[in-house]
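Q: from the sequence below, what's the structure:
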Amino acid sequence: MNRIEEIKAKLRNYPELHIKSDKKSIQVLPNSADGFSVEFAINPGGGYLVSFEGWHENFEDETEALNAFAFGLSNKCRLKEYRRGRFAYKWTVEFFEKGQWIEESTTGLFLFPFWKKPTVRYLHNSLILE
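A: Down below sits the predicted model:
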């Protein structure tokens, strides 16, 4: 059984999840309007990619990548999404600790419609409760 099949087997404990997968990746789709997709992918050249909507990070260590994937499904993770008009262009992962949200990592696009009105929205999943 490969790693993607192992992840799918574990996620069967959460029948409410909507999952898309192939041989090299698995994606859990949001289950609410304020949720976000979480994806784990095996890179062709080695290593792993974990993404939450537009945010993404490459990992060499499989355990770190799997932990990041699970973190994105938990209620301890929040995604701060920056928009210009309807266009999302920057995402910041936050974690909840000691009663407050703390920023951890940001990914953004270089080109975006900077002339449109800026907004921020917060997305979170509560698929795995910690």
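Q: remind me which residues of the chain are low pLDDT?
A: 1, 128-130 (pLDDT under 70).
Q: now the helices for it?
A: According to DSSP state H, the chain carries its helices in the segments 3-11, 62-73.
Q: pull the CA atoms of the longest one into CSV?
A: Just to be clear, that refers to helix 62-73. The C-alpha trace of helix 62-73 is given here as CSV (Å, rounded to 0.1, in the frame of the first residue of the first chain):
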residue,chain,number,x,y,z
GLU,A,62,7.6,12.8,5.0
THR,A,63,6.6,13.0,8.7
GLU,A,64,6.7,16.8,8.6
ALA,A,65,4.6,16.9,5.5
LEU,A,66,2.0,14.5,6.9
ASN,A,67,1.9,16.5,10.1
ALA,A,68,1.3,19.7,8.1
PHE,A,69,-1.4,18.0,6.1
ALA,A,70,-3.2,16.8,9.3
PHE,A,71,-2.7,20.3,10.9
GLY,A,72,-4.6,21.9,8.0
LEU,A,73,-7.6,19.7,8.7
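Q: what residues sit buried inside that helix?
A: Within helix 62-73, the residues scored as buried using 16 or more other Cβ atoms under 10 Å are 65, 66, 68, 69, 70, 71, 72, 73. The C-beta positions use only the backbone N, C-alpha and C, and glycine is treated the same way.
Q: what's the closest of these to residue 24?
A: Nearest to residue 24 among the buried residues of helix 62-73 is residue 65, at 13.0 Å by Cβ to Cβ.
Q: residue 19 is in contact with residue 10, isn't it?
A: No: between residue 19 and residue 10 there is no contact under Cβ atoms under 8 Å: 11.1 Å.
Q: which neighbours do these two share?
A: When contacts are counted by Cβ atoms under 8 Å, 6 or more residues apart in numbering, the set common to residue 19 and residue 10 is empty.
Q: who's in contact with the nearest residue to residue 55 once chain neighbours are set aside?
A: Using Cβ to Cβ, 6 or more residues apart in numbering and skipping residues adjacent in sequence, the residue nearest residue 55 is residue 91, 3.8 Å away. Going by Cβ under 8 Å, 6+ apart, residue 91 touches 52, 53, 54, 55, 79, 80, 81, 82, 106, 107, 108.
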